[in-house]
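Colleague: I'll drop the sequence and a predicted model, then ask my questions.
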Amino acid sequence: MSGSADRGSRRLLVTGADTFWGGRVAQAFEADPDVEVVVGIGARDPSVPLERTDFVRVSDHSYSTVQRIVSATGVDTIVHTGVMVDSTLGSSRLHDVNVIGSLNLLAAAGAPGSTVRALVVKSSGLVYGATSRDPYAFGETMTRAMPARTPVERSLLEAEALVSDFAHNNPEVTVSVLRFASVLGPDLSTPLSRNLSRRWSPSLFGYDPLLQFIEQGDVVRALIHAVRSATPGTFNVGAPGRVPLSEVAEICGTRLVPLPPWKAELVSAPFTRVGAFDLPPELVMLLRYGRGMDTKRFAETGFDYRFSSVEAIHAFARAIRLRKGAGRPAESYTYQEDLEHFLRHANSVAHRADEPSTPA
Amino acid sequence: MVAVGDHQPAATKSQRPVAAAADNGHRPHHVPTAEPGADQEPAGPNPTRFSDVDEWGRSERMRRLARRLYDPVYRSWFRVEWDGLEKIPTEGGALLIGNHAGAIPQDALVIMHGIETELGRPVYGLADYFFRTVPVVGTLWSRTGGVVADPNNAYRLLREQGQLAVVFPEGSKGPSKRYDQRYQLRRFGRGGFVEIAMRAGVPIIPIAVVGSEETMPILFRIPPLGRLLRLPYCPVTANMVAMGPLGIVVPFPAKLRLRVMDPVTFDVPPDLGRYSRSKVMEAAESIRADLQETVYELLSERRSVWFG
């Protein structure tokens, strides 16, 4: 609401700018003339080409580092996309990134004299878990049916708790938390999407859960929408409709391998070890009970999905088929630090001073 | 074995003969009364879909199959007779409740199948989340119209989609009682069913069932075995004694008679955050007493367990 007022010129910080999410969000804001500065931080090199974003590679997300960046750049908006949901990357990294990373970022944003007025956090529907006692669709105010046991769910819950503490302590900051459904898209990889793009994909015998998806582009659009509309609160973000796993597999052209419904992780351990498929514990629960989210609240802020759940699966399946037909595309972009530095700061580069400020 | 074992023609449904209305095979199964939920898919055939499983997990194809399988049981085995079917509204939400009995309770199936066949309206069976945990059974249950008895689910069904839902307030205490306690209603829990009907602003329609106790009478229970198998209860039924292993799933052909009672409405506004506990419990108890009385009434009219 208040967001439209200070929309004049924005200074934006995007965390996780090295990832697909952060990169795409930063790209989108680069094209926005209202955004004066885009600062990106990330632990690795960016994976998408960035035009005018000032990217800083920080190896540790320690408080002092982040705090210096936040205060030096004087950003007013933080888009926190640097939250991991893929637990196959290691549970200690999960904790470091999701909990410690968020902790330090929020501490920096709440430091005395901070200029931050808006915070958008990318979270996940994983915070609801997936159990037999779940309602048909989770609303934002509902709590999960059973305590979290998997590392990724615990770390996300902890990160969200930190965010709500921050919101409580900094009432002048507009805080929005977006909980996304399972994401599908050619440019990113989650345990579920990796499975679906393989010839064989794990399932649990006797279970055919209903799954809700969101297309990768819609995730980016939702994050941007949240920044622009600046509506405080927690929002479920998932495309309309739910699709049973058997149908998802059929659309994607993968064959389901039924694992025994109990001790599936034990049985699948040799397969996951050799990389035949991914089966982190939270995915086992999802493959058993599925998850649905009530997305009315976010729709009321004026967001429209480009893809329904089924359409997202079809789009993903087309991308898989293309990849199978054409082979893996050559790495389209490599970040070259010197080049980027040169383009942004060298004297010889003709800075077309005001391409955004045409209005004059 | 338990309420589960049944290979589920379970939550059988039907809109076959009577409502010759529109059964063009792909009829949207939501009766379009209330405004549909915001995140609902557009009804009707969708070329991008490879199955007809809807957002609740039910599939019209599976339901047709289940209906075909269960119909002979309904007609020839139990020879179901209804009384007062006209009291069930033909549109708008209503919460049906009934007395629950028999080791594998047939009352749920009979109510769901009966109303769908006779009135052409789908009935969603609200049941314990336990069903969902059982492989195969849980999936079939969901495909044929089962929904976890969660207040949020019930609210959505009744208020937002104006559907019929059936729930058995006794829970598993009903079907797990021994034959010597037959037709004695267990307690109605915390009255959650009243609260949800108040919140959804729909009437409660009690349905008394007789004959269900005799379809699968429980002689005694073996709680340790139940715990071991993780079942809510583990009975030894007369059917097992009479038929051996077959008796685990095959019910006796008792005559089933159902009486629909007058709808109970509540003079409270819907959508309140909470309702007076005393009001809820009072309503729950009076509904229970009326249902018990109607069950006794039906029993006093019954001449034979097998022929009604």
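Modeller: Arrived safely, thanks for sending.
Colleague: Now the residue of the stretch 1-150 of chain A found nearest chain B: which helix or strand?
Modeller: Per C-beta to the nearest C-beta, the residue of the stretch 1-150 of chain A with the smallest distance to chain B is A:Pro135, at 3.9 Å. Backbone N, C-alpha and C define where each C-beta goes, glycine included. Assigned by DSSP states H and E, A:Pro135 belongs to neither a helix nor a strand.
Colleague: which residues of chain B fall in strands?
Modeller: B:81-83, B:94-98, B:123-127, B:146-148, B:164-167, B:204-210, B:218-221, B:235-237, B:257-260 (DSSP state E).
Colleague: tell me the average confidence for the third one?
Modeller: Right, strand B:123-127. Taken as a whole, strand B:123-127 carries a mean pLDDT of 91.
Colleague: what's the answer for the second one, then?
Modeller: Averaging the model's pLDDT scores along strand B:94-98 yields 95.
Colleague: elements contacting that strand?
Modeller: helix B:106-119, strand B:164-167, helix B:192-200, strand B:204-210, helix B:277-301 (3 or more C-beta pairs under 8 Å, 6 or more residues apart in numbering or on different chains; DSSP states H and E).
Colleague: Check what contacts the second one and list those residues.
Modeller: Translated: strand B:164-167. B:88, B:93-98, B:108, B:111-112, B:115, B:121-127, B:147, B:149, B:154, B:157-158, B:193 (C-beta atoms under 8 Å, 6 or more residues apart in numbering or on different chains).
Colleague: neighbours of the closest residue to A:Arg291 other than its chain neighbours, just the number please.
Modeller: Spatial nearest neighbour of A:Arg291, excluding adjacent residues (C-beta to C-beta, 6 or more residues apart in numbering or on different chains): A:Ala130 at 4.8 Å. Neighbour count for A:Ala130, taken as other C-beta atoms under 10 Å in any protein chain shown: 24.
Colleague: Would you mind listing the residues in contact with A:Ala130?
Modeller: Contacts of A:Ala130 (C-beta under 8 Å, 6+ apart): A:Pro209, A:Glu282, A:Met285, A:Leu286, A:Arg288, A:Tyr289, A:Gly290, A:Arg291.
Colleague: Quick one: classify it as helix, strand or coil.
Modeller: When classified by DSSP: H, G, I helix; E, B strand; the rest coil, A:Ala130 comes out as coil.
Colleague: which SSE is A:Ile78 in?
Modeller: strand A:77-80.
Colleague: avg pLDDT for that strand?
Modeller: 94.
Colleague: next one: stretch A:176-196
Modeller: 92.
Colleague: likewise stretch A:268-277?
Modeller: 84.
Colleague: and the residue of chain B found nearest chain A, how many neighbours does it have?
Modeller: Of all residues in chain B, the one sitting closest to chain A is B:Pro135 (2.4 Å; C-beta to the nearest C-beta). Using other C-beta under 10 Å, B:Pro135 is surrounded by 16 other residues.
Colleague: can I assume it is in contact with A:Pro209?
Modeller: No - in this structure B:Pro135 lies outside contact range of A:Pro209 using C-beta atoms under 8 Å: 11.6 Å.
Colleague: Low-confidence ranges, the chain, go.
Modeller: The chain I'm using is chain A. Under the criterion pLDDT under 70, the flagged ranges of chain A are A:1-9, A:328-332, A:351-360.
Colleague: if you could check chain B rather than the one you did, that'd help
Modeller: B:1-47.
Colleague: Would you mind naming what in it lies close to chain A?
Modeller: By C-beta under 8 Å from any C-beta of the partner chain, the residues of chain B that approach chain A are B:37-41, B:46, B:48-51, B:53, B:55-57, B:129-130, B:132-139, B:147-148, B:150-153, B:156.
Colleague: What subset of the residues you listed is buried?
Modeller: B:37, B:39-41, B:49-51, B:53, B:55-57, B:129-130, B:132-135, B:137-139, B:147-148, B:150, B:152-153, B:156 (16 or more other C-beta atoms under 10 Å in any protein chain shown).
Colleague: need the residues of the stretch 251-360 of chain A near chain B, please.
Modeller: Checking the stretch 251-360 of chain A against chain B by C-beta under 8 Å from any C-beta, the hits are A:Ile251, A:Pro261, A:Tyr289, A:Gly292, A:Asp294, A:Thr295, A:Lys296, A:Ala299, A:Ser308, A:Val310, A:Glu311, A:His314.
Colleague: And the third one, its phi and psi?
Modeller: Read that as A:Tyr289. Torsion angles at A:Tyr289 (phi, psi; degrees, to the nearest 10) stand at phi -120, psi -10.
Colleague: That one: what's it in contact with?
Modeller: Per C-beta under 8 Å, 6+ apart, neighbours of A:Tyr289: A:Ala130, A:Thr131, A:Ser132, A:Asp134, A:Tyr207, A:Pro209, B:Arg132.
Colleague: Thank you, goodbye.
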